[in-house]
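Undergrad: Sequence plus the predicted model coming up.
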Amino acid sequence: MGVGMQNTDLLSGSGNTRAKRGCPWHSKGDSNGIKEGGSSLLPSTDQGVAARGTWGRRLEFTLACIGYAVGLGNVWRFPYLCYRSGGGAFLIPYLTMLFLCGIPLLFMEFVIGQYTRLGPVHAMARICPLLKGVGIATVVISFLLCTYYNVIITWALYYFFHSFRLPLPWQSCNNTWNIPENCSSGFSKNSSYLHSASQQFFDLKVLQMTDGIEQMGSIRWELLGLLVLAWILVYLCIFKGVRSTGKVVYFTAIFPYVILIALLINNVQLPGAADGIRYFLMPQWNKLLDGQVWVNAAAQTFNSIGISFGSMISMASYNKFNNNILRDTLIVAITNSATSIFAGFVIFSAIGYMAYQHNLPVDNIATDGPGLVFVVYPEAFVTMPVAPMWAALFFFMLLCLGLDSQFAMVEVMVTSLMDGCGKLLLRFLKYKELVVLVVCFAAFLLGIPNITEGGIYVFQLMDHYTAVVSLMFLAFFEVVAVCWLYGVRNLTRDVTRMLGKPPNIFFKLCWWVFSPLLVTIILVSSIIQYTPARYGKFYTYPPWAESMGWFVSLCSIIWIPLGAIHTLYYSSGSLLQRLQVSILPVDQQPVLQKDSSTTLAVNASLQSSKEDLESVSLSKESSI
């Protein structure tokens, strides 16, 4: 988004460039950093870094990460994917991918954030200058995502405020927005012609949707007001940085579990609930032979935890240097997966109840995405006892789940701006709170097209090309940059310095072999099975809209080659020497002389740097 081009340090990555301009993270006599070759991956303790906040308690960081990882996808994506991919048998590939890909890569991001105490932009620039554009790309993708993700919170607020009515407004076809001739109270077998009352409430009342993206229509003023409210809530959660976020997560991360437990206790007592749960868990062992099921399991694990969005790196950067991130990794990853499975029981017990009520097979009702939580599940409340209470609790839970993820994504942008040009911003805006306000206001403006009458088509287009297409490219290059170029040896060194002992062989194997291999398979599979964006079963986007979607995708991906070109351009020596130096972390880069640099000199300098590194590492470990 132009951040890197405004600040020389943001895109600078070669040893020579830093030596000429000076690195703002280095200071003499740094007691927390480790000086090697004139630089350090650790931030300095100068005034800018010293002012960086930290979590008030370790539990705050853990809850914030759980809140970010456990989002709406756990409720509307995983249960349906599990049901369609073999039921209980799907848990085998899912858990396999969790331990081979999800947990190791989450630990990797925690290590990078906590060790460097920097956001993703500057952390990636320090560990692998050649692929520093990955850091900028993660910030861009998180910012783009937060512009439309808050629209889901807006819808949740709309339903929440409309839940305090009896009867519920989506209960019947006798409302001004209904089309009686094709409206059905409940779900009908003839779903191609008849629409349920809850479907018409979402389409015709909430969205007032047009026939396509070609007809954007006017702004939905009710939704605009709620979008403002949603951004006010986000701002109040993060305007004080981790000081305010750390307090909010005690509620937003824990309360959804209270509601999920209450919903499950209520649902399992309803007729047909057992049939729904049976459909959810019934193992189809033949599905394990389908390669796509394994790819789906890997993609779900990867996307659910939230790797490559930069949020985990940002939040870990506010930790104390010796925080036990291995413990936090296991807690966050296992809690996230357990929540997905638990949510499956909640969702499918309600779907089984609806199938019983309308005498339909579960196949006719089960779905995923926004349709599950804003169409299917609201229909379940209609015949439940004390319907308004259950509806209000459910949509309040969605609000909490959405807020946790939303303010984590906004924090990525704020952290990166403050790391890169914080002094310049504070010179004009005076207070960090105003920086947060400007970021929130910019994201609010960019989100307005999503709450027009044709906004649902913009929403679907943005989601497809941001969270599906771009993400896997970013994930691939991040894994290459950290696991292979920065290397397992350096990751091991970082973990040892922070925790006092190296990671076990399991993590080393995953970083070196399994995780990169799985991410590559997911990327290749995504390319081979690419399909253009669609809305529903029948609407396809015109070519100009597809072009806009690819442009949105390129807004993040383009920073990867731009960062590489910038690094090579400002380095010294031949092209081969520039490449050799640019794949090294800045604390291991030799300073090359233009007139006498050779590949042999580079190798000699690297060997000397490694020997110094090992000796300093030993002294640091003993001090820990």
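TA: Ah, there it is. Numbers count the residues shown, from 1 in each chain.
Undergrad: And the strands in the stretch 151-300 of the chain, which stretches?
TA: With DSSP state E, counting those that start in this stretch as the criterion, the stretch 151-300 of the chain has strands at 183-184, 195-196.
Undergrad: between those strands, which gets nearest to Ala89?
TA: strand 195-196 (31.1 Å; C-beta to C-beta). Using the backbone N, CA and C atoms, a C-beta is placed for each residue, glycine as well.
Undergrad: mind listing what the closest one pairs with, with the direction of each?
TA: strand 183-184 (parallel) (DSSP bridges).
Undergrad: can you list contacts of the partner strand?
TA: Cys173, Leu194, His195, Ser196, Ala197, Gln200 (C-beta atoms under 8 Å, 6 or more residues apart in numbering).
Undergrad: For Pro561, which non-adjacent residue is closest in space?
TA: Leaving aside its sequence neighbours, Pro561 sits nearest to Gly133 (C-beta to C-beta, 6 or more residues apart in numbering; 6.9 Å).
Undergrad: no no, Ser340
TA: Phe78 is the one closest to Ser340 (C-beta to C-beta, 6+ apart), at 3.9 Å.
Undergrad: cool, Leu474 as well?
TA: Ser308 (4.7 Å).
Undergrad: Test for you: state the pLDDT assigned to the one you found.
TA: Predicted confidence (pLDDT) for Ser308: 88.
Undergrad: Am I right that it sits in a helix?
TA: No - read with DSSP: H, G, I helix; E, B strand; the rest coil, Ser308 is coil and lies in no helix.
Undergrad: number of nearby residues for it?
TA: When neighbours are counted by other C-beta atoms under 10 Å, Ser308 registers 29.
Undergrad: Same question for Arg427.
TA: When counting by other C-beta under 10 Å, one arrives at 9 neighbours for Arg427.
Undergrad: Assign the residue nearest to Val482 when sequence neighbours are not counted to helix, strand or coil.
TA: Closest residue in space to Val482, ignoring its immediate chain neighbours: Met108 at 5.8 Å, by C-beta to C-beta, 6+ apart. Following three-state DSSP, we place Met108 in the helix state.
Undergrad: Of the contacts of strand 183-184, which is the nearest to His358?
TA: Distances from His358 to the contacts of strand 183-184, taken by C-beta to C-beta, are shortest for Ser196, at 9.3 Å.
Undergrad: Distance-wise, check the closest one relative to Ile522.
TA: Noted for Ser196: a distance of 35 Å to Ile522, by C-beta to C-beta, to the nearest Å.
Undergrad: And the spatially most central residue of the chain, its phi and psi?
TA: The structure's the chain has its C-alpha centroid closest to Gly306; by C-alpha atoms, centre = their mean the separation is 3.6 Å. Main-chain torsions, Gly306, degrees, to the nearest 10: phi 90, psi 30.
Undergrad: May I have the residues that are in contact with it?
TA: Counted by C-beta under 8 Å, 6+ apart, Gly306 has contacts Tyr68, Ala69, Gly71, Met312, Ser405, Ala408.
Undergrad: I'd say Leu63 and Ile254 touch.
TA: Yes - counting by C-beta atoms under 8 Å, Ile254 is a contact partner of Leu63 at 7.2 Å.
Undergrad: the more surrounded of these two?
TA: Remark: of Leu63 and Ile254, Leu63 carries more neighbours, 25 against 13, as counted by other C-beta under 10 Å.
Undergrad: Could you measure from that one over to Thr531?
TA: On the measure of C-beta to C-beta, Leu63 and Thr531 end up 37 Å apart.
Undergrad: cool, Leu401 as well?
TA: To Thr531, Leu401 is 28 Å away according to C-beta to C-beta.
Undergrad: Neighbour count: these two, which is higher?
TA: Shown here are Leu401 and Thr531; by other C-beta under 10 Å, Leu401 has more neighbours (29 against 7).
Undergrad: so the more buried one makes contact with Leu72?
TA: Yes - in this structure Leu401 lies within contact range of Leu72 using C-beta under 8 Å: 5.5 Å.
Undergrad: Quick one: residues contacting the residue nearest to Pro561.
TA: With C-beta under 8 Å, 6+ apart, Gly133 has these contacts: Met124, Trp559, Ile560, Pro561, Leu562, Gly563, Ala564.
Undergrad: Please name the nearest non-neighbouring residue to the last one.
TA: The reference is to Ala564. Leu130 (5.3 Å).
Undergrad: Let me see the contact set for the residue nearest to Ser340.
TA: Gln300, Ser304, Ser340, Ile341, Ala343, Gly344.
Undergrad: cool, and Leu393?
TA: With C-beta under 8 Å, 6+ apart, Leu393 has these contacts: Ile259, Ala262, Leu263.
Undergrad: Would you quantify the distance from the first one to Gly422?
TA: Right, Ile259. 38 Å.
Undergrad: so how far is stretch 490-499 from its chain's centroid?
TA: 25 Å (C-alpha atoms, centre = their mean, to the nearest Å).
Undergrad: ditto for stretch 453-472
TA: Using C-alpha atoms, centre = their mean, the offset of stretch 453-472 from its chain centre is 14 Å.
Undergrad: so where is the stretch 351-500 of the chain shaky, pLDDT-wise?
TA: 366-368 (pLDDT under 70).
Undergrad: let's see it at 90
TA: 351-373, 375-387, 404, 407-408, 411, 415, 418-432, 463-473, 475 (pLDDT under 90).
Undergrad: Show me where it has its helices.
TA: 370-371, 377-381, 387-429, 432-447, 455-463, 471-479, 488-499 (DSSP state H, counting those that start in this stretch).
Undergrad: Out of the ones you listed, which gets nearest to Phe143?
TA: Here helix 387-429 is closest among the helices of the stretch 351-500 of the chain (C-beta to C-beta), at 4.9 Å.
Undergrad: Report the inter-axis angle for the closest one versus helix 432-447.
TA: Going by axes from the mean of the first three to the mean of the last three C-alpha atoms, to 10 degrees, helix 387-429 is angled at 120 degrees with respect to helix 432-447.
Undergrad: Please spell out which residues along stretch 550-557 are buried.
TA: Within stretch 550-557, the residues scored as buried using 16 or more other C-beta atoms under 10 Å are Val552, Ser553, Cys555, Ser556, Ile557.
Undergrad: Pipe those residues into JSON lines and attach distance to Pro167, secondary structure and pLDDT per row.
TA: Converted to JSON lines, the buried residues of stretch 550-557 look like this (distance: C-beta to C-beta, whole Å; DSSP: H, G, I helix; E, B strand; the rest coil; pLDDT from 0 to 100):
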{"residue": "Val552", "distance to Pro167": "41", "secondary structure": "helix", "pLDDT": "92"}
{"residue": "Ser553", "distance to Pro167": "44", "secondary structure": "helix", "pLDDT": "91"}
{"residue": "Cys555", "distance to Pro167": "45", "secondary structure": "helix", "pLDDT": "92"}
{"residue": "Ser556", "distance to Pro167": "45", "secondary structure": "helix", "pLDDT": "91"}
{"residue": "Ile557", "distance to Pro167": "49", "secondary structure": "helix", "pLDDT": "93"}
